[in-house]
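**Q** prediction below, plus the sequence it came from.
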Amino acid sequence: MDTLFLGIPGSDQWRNVKLIDAGWSHDRKYAFESSDQKRYLLRVSDSTQYTRRKKEYEAVKRLDHLDIEMSRPIRFGNCDNGKKVYTIMTWVDGKEAAKVLPTLNSKEQYKLGYQAGRMLKQIHSVPAPADQQSWSKFYQEKIDRKLADYRTCGIVVDRADLIINFIETNRYLLKDRPMTFQHGDYHCGNMVISGKKTIRIIDFDRLDYGDPWEEFNRITWCAGVSGAFASGRINSYFEDKVPAHFFGLMALYIATNMISSIPWSISYGQHEINVMIKEIEKNLVAYDHYQTVIPRWYKNGM
């Protein structure tokens, strides 16, 4: 780490600096304690990412007024003699939600999902900038790219035609959708549970602006851990009055994610390809092979 932290104010007084798993990111992430004995998260990226990381930092700052437990931005700048860019966020204590949820009963899972849904609703109260292109145009083009990528990736998934047909038949639902701030990767893998059994949100690495309902495209990862948690997320988001047309859009976003996961996984090797194929199989069953738009795991209350 010789010069890596050079240029970060106060870094010479940090203690207990530990490298942590950065997931799919190419960045380096560290946990550390500052001179005030508080813990923080440091993210270090290549200097070529400066513009992107600055936009992310400024975007998350727009959430400062929200009353939710989340990792918050503290400082941003260059380090390592200008070769790197850094972001410092508050550290969020807790245990991985994906590991804690299976140890709880269904009512506790549902209650935590309810918290997660309320938090997501608050995040979506932050509007998108006025200069964003229409959501329909953006996502229609995205669908075209994802379908083309799948068709040329060289891997054929059993019953993928059902997914593709569903996407083509329902893409009209994208018309006139609103746009807000998006966490970008909102599922239990990016949540921790505190000792007081409260949900805390982490990892805004994929933040964006778009249809707020698109944020349910990764809820399948929640449902795979706990259907009660996933159901609570949906019900609380809509204050227990889920509009009928929501499920069709959620299914469309999930289907698009499913079909795009195959070409995405190729660069990560056969194991990851197999993981994604298994997820597709699970989701086809959950949607009764698209005989319904309401997944089997969903419950309208508990």
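**A** That came through fine.
**Q** now do the helices in the chain.
**A** For the chain, the helices defined by DSSP state H cover 50-61, 97-100, 106-123, 135-152, 160-170, 219-225, 227-237, 244-265, 270-286.
**Q** distance of the closest residue to residue 242 other than its chain neighbours relative to residue 171?
**A** Excluding the flanking residues, the one nearest residue 242 by CB to CB, 6 or more residues apart in numbering is residue 234, at 6.1 Å. C-beta coordinates here come from the backbone N, C-alpha and C atoms, glycine included. According to CB to CB, to the nearest Å, residue 234 stands 22 Å off from residue 171.
**Q** show me the contacts for the spatially most central residue of the chain.
**A** The structure's the chain has its C-alpha centroid closest to residue 185; by CA atoms, centre = their mean the separation is 0.7 Å. Neighbour list for residue 185: 203, 205, 206, 218 [criterion: CB atoms under 8 Å, 6 or more residues apart in numbering].
**Q** what does the pLDDT read for it?
**A** pLDDT for residue 185: 94.
**Q** hmm, back to that, export the helices of the chain to CSV and append columns for distance to residue 21, mean pLDDT and mean neighbour count.
**A** Below are the helices of the chain laid out as CSV (distance: least, CB to CB, whole Å; pLDDT from 0 to 100; neighbours: other CB atoms under 10 Å):
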stretch, distance to residue 21, mean pLDDT, mean neighbour count
helix 50-61, 19, 94, 15
helix 97-100, 14, 96, 20
helix 106-123, 22, 98, 20
helix 135-152, 27, 98, 15
helix 160-170, 31, 98, 16
helix 219-225, 17, 96, 22
helix 227-237, 23, 98, 25
helix 244-265, 19, 97, 20
helix 270-286, 16, 96, 16
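**Q** closest one to residue 30 among these?
**A** Residue 30 lies closest, by CB to CB, to one member of the helices of the chain: helix 50-61, at 15.3 Å.
**Q** now do the closest one: which elements does it pack against?
**A** With contacts defined as 3 or more CB pairs under 8 Å, 6 or more residues apart in numbering; DSSP states H and E, helix 50-61 has these neighbours: strand 73-79, strand 84-90.
**Q** in a markdown table: those, plus distance to residue 33 and mean neighbour count.
**A** Below are the helices and strands packed on helix 50-61 laid out as a markdown table (distance: least, CB to CB, whole Å; neighbours: other CB atoms under 10 Å):
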| stretch | distance to residue 33 | mean neighbour count |
| --- | --- | --- |
| strand 73-79 | 14 | 17 |
| strand 84-90 | 12 | 22 |
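**Q** so can I have TSV of the ones you listed showing distance to residue 285?
**A** Formatted as TSV, the helices and strands packed on helix 50-61 follow (distance: least, CB to CB, whole Å):
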stretch	distance to residue 285
strand 73-79	40
strand 84-90	38
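**Q** ok, which of the ones you listed comes nearest residue 57?
**A** Set against residue 57 and scored by CB to CB, these come closest in strand 73-79, at 4.3 Å.
**Q** show me how far the closest one is from its chain's centre.
**A** On the basis of CA atoms, centre = their mean, to the nearest Å, strand 73-79 is displaced by 22 Å from the centre of the chain it belongs to.
**Q** can you name the residues bridging to the nearest residue to residue 15 once chain neighbours are set aside?
**A** Leaving aside its chain neighbours, residue 15 sits nearest to residue 33 (4.7 Å; criterion: CB to CB, 6+ apart). With DSSP bridges applied, residue 33 shows beta-bridge pairing to residue 15, residue 39.
**Q** for residue 33, which residues are in contact?
**A** So residue 33 contacts 14, 15, 16, 39, 40 (CB under 8 Å, 6+ apart).
**Q** wait, isn't the fourth one in contact with residue 88?
**A** No: with the criterion set as CB atoms under 8 Å, residue 39 and residue 88 do not qualify as a contacting pair; they are 11.0 Å apart.
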